[in-house]
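Q: Here is a sequence together with a model predicted from it:
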Amino acid sequence: MADRKIRVLVAKPGLDGHDRGAKVVARSLRDAGFEVIYTGIRQTPAMIAEAALQEDVDVVGLSILSGAHMTLCPKVVDLLRAQGQEDVAVLVGGIIPDEDVAKLQAAGVQGVFGPGTSTQAIVDFIQQVAG
């Protein structure tokens with residue numbers, strides 16, 4: 001298992017139906033050599049946590065454009081921790097106001113990526129936290 005690829009679950013929690021950005025990131029992560037599981041749109045936090053457990057992922061990347069990040073992200077973190085996945089890094093990308101970044105980090109989110117973030121920056125961060 002020395003050459004095990006980093007496994008990343010990309011998910012769209014909540015009712016947000018716009019997934020173009022999530023798909024771009026998922027493809028970029030695949031191109032960088034990660035194993036990527038994309039859950040699709042309209043996932044509940046419980047569905048995301050269960051998929052993370054079933055897929056044995058190293059990272060959960062949440063894409064949120066709806067403004068529900070302060071409710072959905074901490075819930076996903078809590079559910080992962082409740083099922084013993086303390087080592088799974090949680091990242092969020094999307095429309096996240098600057099004033100919410102520290103709150104998300106305090107809730108257990110390790111990385112927050114806003115509009116305009118390069119996919120290479122996301123790849124580099126994942127390699128740092130899960131590599």
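A: On my side now, so go ahead.

Q: List the contacts of Arg4.
A: By CB atoms under 8 Å, 6 or more residues apart in numbering, Arg4 lies in contact with nothing. The way it works is simple: take the backbone N, C-alpha and C, and place the C-beta from them, glycine included.

Q: what comes into contact with the helix or strand containing Thr71?
A: Assessed by DSSP states H and E, Thr71 sits inside helix 69-82. Applying CB under 8 Å, 6+ apart, the contact partners of helix 69-82 are 11, 13-14, 45-46, 48-49, 52, 60, 62, 64, 86, 88, 90, 92, 94, 96, 100, 103-104, 107-109.

Q: change it to 7 Å
A: With CB atoms under 7 Å, 6 or more residues apart in numbering as the test, helix 69-82 has contacts from 13-14, 45-46, 48-49, 52, 60, 62, 64, 88, 90, 92, 94, 96, 100, 103-104, 107-109.

Q: List the pairing partners of the helix or strand following that helix within its sheet, with orientation.
A: Going down the chain from helix 69-82, the next helix or strand is strand 89-94, by DSSP H and E. Strand pairing for strand 89-94, determined by DSSP bridges: strand 59-64 (parallel), strand 111-113 (parallel).

Q: circling back to that earlier point, only the C-alpha atoms, please, for the helix holding Thr71, written as CSV.
A: Extracted C-alpha coordinates of helix 69-82, given in CSV (Å, rounded to 0.1, in the frame of the first residue of the first chain):
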residue,chain,number,x,y,z
HIS,A,69,-22.1,26.3,4.3
MET,A,70,-22.4,27.2,8.0
THR,A,71,-25.1,24.5,8.5
LEU,A,72,-24.0,21.8,6.2
CYS,A,73,-20.2,21.7,6.6
PRO,A,74,-20.1,21.4,10.4
LYS,A,75,-22.8,18.7,10.2
VAL,A,76,-20.6,16.7,7.7
VAL,A,77,-17.6,17.1,10.0
ASP,A,78,-19.6,16.0,13.0
LEU,A,79,-21.0,12.9,11.3
LEU,A,80,-17.6,11.9,10.0
ARG,A,81,-16.1,12.2,13.5
ALA,A,82,-19.1,10.3,15.0
